[in-house]
Every structure is written in C-alpha cells, then in structure tokens.
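1. Only the shape, not the letters, is given here:
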C-alpha cells in the first residue's frame, strides 16, 4: 500500500469512535450552566454528602493523611465493609474477599479486566446504565442483551429468555438490581434460578448492587443480593459504591466482593489502574458505614415518599406510560407518539427547561423512554411536573 494511502486509512480509522458516547452527558452538556433548566438527568441526589462524613475527611486531611495506601484499601475500611455487609446480609463476608476501589464504575472496569478476553461472550439485562454495557466492549467482549419488559404497570424480568441466553459459551452475566434506569428489582426466586444455571455452566456473575439500600419494600433493609446465596467458591463478583446511599458521588470510592482466590490478581490490577484510593475518601467511607445507618434509612424514606407523589402526579398527565419502580431513584416513562428519545429530551430542554435523560442512552430497548431521577427536593420536582404538563398540553 502506498504510504499516503496507508496514512489516510489510519486517519480514517482513528476518526471512527470505538465506543458509544454517553447520551446522558450529551444532553446535560448541552444545557449545563443554564439557570432556566431543571436538571433531573444525572443519577445523584441534589443534596451534599452529610456533614459527619465530610468532617471525617477534613480531619484526615488536617492529620496529614495524604500519602499512598494499600492497593486493596486500608484495613480499617475493609473491616468496616466486612462488618457492614455481614450485618446487612446475615452471612459472613470476611476482609479477604473485599477490595476498595476508586468508585463503583472503576470496580466494573477492573472486574472486566480480571475476567474477560477478546471475543468473550457477555450477557446483560437491559435497559442498563451505559457504562455497564460499554465496559465489557473495552475488553473486546461480545455483548448480548436481554431486555426487561413492562407488564401491567411493572418492570419484569423474562427469566426463561435470560436463561436461554446464558449458553455454556457465556463468560459473564452483568446484572444490576435495583436497576438503573427502570428501578426494577430482582426477585429472590429468580436469583436462585440464575445462580444455579450459572454454576452449572461455569458462568461468572457480575452483580452491580449500588442501589441495594434504595429499596422500598416495607421491613426490608436491602434488595436481594447474590451474596446471601453464594459461597466464596462461586464465580461471583459483587460491586458497590458509597455514591448513592450516602450521597458521595463526587468522592469516587466503592468496593468489590470477590472469591478470595482472585484477590492477588485483583490487587495487581488495582495497582495498574489507580494504585490506591485517597486516604480522606477512605476515612469518609468508614464513617459512613459505621455511623450512617440513620441517614440511609431517612434517605430511603424520603425517596419512597417522593417517588409515590411523583408517580401519582405523572399518572394524571395525558399520553404518559409510567411503570412503577421497586427501588433505585428513577422513573422510566414513555410519551405516546414520541419515538426519538434524544430528540424529545432536547425539545423538553428547549421548550420548557426540563432536563431528563434520553432512554436511548440505556440501549435500544430504552428508545422512546425518558429517565427522571427523583433524588431531589419536592419543590423542584413539582416545578418539573408543571413543565412537563405544559409540554404535553402543546
């Protein structure tokens, strides 16, 4: 090939994006900074991290804790996570299964690096937060999607379709429950069936439990977790984060629970990715687990009340389909006659100043839908409802 032709071919290839950009970011970036827009697009609370957590981080900085720490995280934080999970799920989760990560997102990335090789088959339950689908592709994985279904005003998992998709050549299942963007939460019986099936075929389960505390069933502290069913020999990795239940999105600290046999390789991967998590973030995480239970319970109660009020108000508006949500902090809604969710999200911003996430961001199954994050003050949400009503009346 002539050098000029080769150069042009390389440039053309470089110009082609290998990965799908975030459409949530695309909408938010287009309107960010506009004071006339009410933003409900990102998956975070509009409230800052509680003061008792911030004070722990400040004390750490004042104490000069600004140096490198262990790749797997400080022992005091790993012990706090162990104590927390053991109490929450009523099963022993020792520190030799726990690693601290620089966010739940990085935990998903490291898990994919640990498990996947180019060409490996990965099954995901969708619609799904785009990072959880795109990260396996970074490692060369081939992603198969099994979609949740909206039936009788609820999101449901077509279990038989999922089990059929989990063929013996599947390397990994990625499952997020409670789910972003729908709020769907897996049933215990379905977890049992999935775990037994994956055991039989040697399939790894990557369980994204970041919303496990944001569950609205009375008398239940947590959504169903694979941790309560599996043992430490199972091919199970569970990822979590401090971002959601403790309103620590900007802190970028999370954790992983893994089989103890993979911990040495995991420590090496953490070194190659980010070396270690900042000490002040780890101090904040430890205090969040040790003292934060009243805060989590209040946050969950507030979210449940807000969700119920929002879904009642939306059901009163014309042209809307709004399935109920068991957990998380989102409603996934659809406007009749609107098939292009990105265009619709942009029109909502332009015409009434309402910022919602386009459903297409969460996969083709989400096309035509919009995600509303309701982790916000009710006065702001009420204004958003009024703006949506105004839009629909046009």
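-> That came through fine. As the structure is a prediction and not an experimental result, all values here were calculated from the model.
2. For this protein, which segments are assigned as helices?
-> For the chain, the helices identified by DSSP state H occupy 3-15, 23-31, 51-62, 75-89, 104-115, 130-138, 159-165, 188-201, 263-273, 279-291, 293-315, 341-352, 378-393, in order along the chain.
3. among these, which gets the worst mean confidence?
-> Averaging pLDDT over each of those singles out helix 3-15 as the lowest, with a mean of 47.
4. how about the strands of the stretch 101-250 of the chain, start to end?
-> If DSSP state E, counting those that start in this stretch is used as the criterion, the strands of the stretch 101-250 of the chain fall at 121-126, 142-147, 149-151, 154-156, 170-176, 204-208, 236-241.
5. Partner strands of the longest one and their direction?
-> The sheet places strand 170-176 alongside strand 121-126 (parallel), strand 204-208 (parallel), with pairing taken from DSSP bridges.
6. And the third one, by the same measure?
-> Strand pairing for strand 149-151, using DSSP bridges, gives strand 154-156 (antiparallel).
7. what does the average pLDDT come to for the strand it pairs with?
-> 95.
8. buried stuff in that strand?
-> Residues of strand 154-156 classed as buried: residue 155 (neighbour count, 16 or more other Cβ atoms under 10 Å). In this view, the C-beta of every residue, glycine as well, is placed from N, C-alpha and C.
9. same question, stretch 133-146
-> Along stretch 133-146, the positions that meet the burial threshold by neighbour count (16+ other Cβ under 10 Å) are 133, 134, 135, 136, 137, 139, 141, 143, 145, 146.
10. ok, of these, which one's closest to residue 386?
-> Minimum separation from residue 386 among the buried residues of stretch 133-146 (Cβ to Cβ) is found for residue 133, which lies at 34.1 Å.
11. between the strands paired with strand 170-176, which one is nearest to residue 150?
-> When these are ranked by proximity to residue 150 (Cβ to Cβ), strand 121-126 comes first, at 12.9 Å.
12. Could you figure out how far that closest one is turned away from helix 188-201?
-> In this structure, strand 121-126 runs at an angle of 170 degrees to helix 188-201, with axes from the mean of the first three to the mean of the last three Cα atoms, to 10 degrees as the basis.
13. chain center to strand 121-126: distance?
-> Taking the mean of its C-alpha atoms, strand 121-126 sits 15 Å from the chain's own mean (Cα atoms, centre = their mean, to the nearest Å).
14. Touching, residue 172 and residue 116? I think so.
-> Yes - with contact defined as Cβ atoms under 8 Å, residue 172 and residue 116 form a contacting pair (6.7 Å).
15. Now for those two: what residues contact both?
-> Between them, residue 172 and residue 116 have 122, 136, 141 as joint contacts when contacts are counted by Cβ atoms under 8 Å, 6 or more residues apart in numbering.
16. Turn those into JSON lines, including distance to residue 282.
-> Supplementary listing: the shared contacts of residue 172 and residue 116 in JSON lines, determined by distance: Cβ to Cβ, whole Å:
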{"residue": "122", "distance to residue 282": "31"}
{"residue": "136", "distance to residue 282": "28"}
{"residue": "141", "distance to residue 282": "31"}
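17. ok, so of those residues, who is nearest residue 53?
-> Residue 53 lies nearest to residue 136 out of the shared contacts of residue 172 and residue 116, by Cβ to Cβ, at 32.2 Å.
18. returning to that earlier point: nearest to residue 181, of the strands paired with strand 170-176?
-> Comparison of the strands paired with strand 170-176 against residue 181 by Cβ to Cβ identifies strand 121-126 as nearest, at 9.8 Å.
19. which other residues reach the closest one?
-> 116, 132-133, 136, 141-148, 157, 162, 165-167, 169-176, 179, 362-363, 365-366.
20. Flag every buried residue along it.
-> In terms of neighbour count (16+ other Cβ under 10 Å), strand 121-126 has its buried residues at 121, 122, 123, 124, 125, 126.
21. need those in JSON lines with distance to residue 82 and pLDDT, can you?
-> Converted to JSON lines, the buried residues of strand 121-126 look like this (distance: Cβ to Cβ, whole Å; pLDDT from 0 to 100):
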{"residue": "121", "distance to residue 82": "33", "pLDDT": "98"}
{"residue": "122", "distance to residue 82": "29", "pLDDT": "98"}
{"residue": "123", "distance to residue 82": "30", "pLDDT": "98"}
{"residue": "124", "distance to residue 82": "29", "pLDDT": "98"}
{"residue": "125", "distance to residue 82": "28", "pLDDT": "98"}
{"residue": "126", "distance to residue 82": "32", "pLDDT": "97"}
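22. Of these, which is the nearest to residue 87?
-> Each of the buried residues of strand 121-126 was checked against residue 87 using Cβ to Cβ; the closest is residue 125, at 28.1 Å.
23. For residue 145, see how far away the closest one is.
-> To residue 145, residue 125 is 8 Å away according to Cβ to Cβ, to the nearest Å.
24. All set, thanks.
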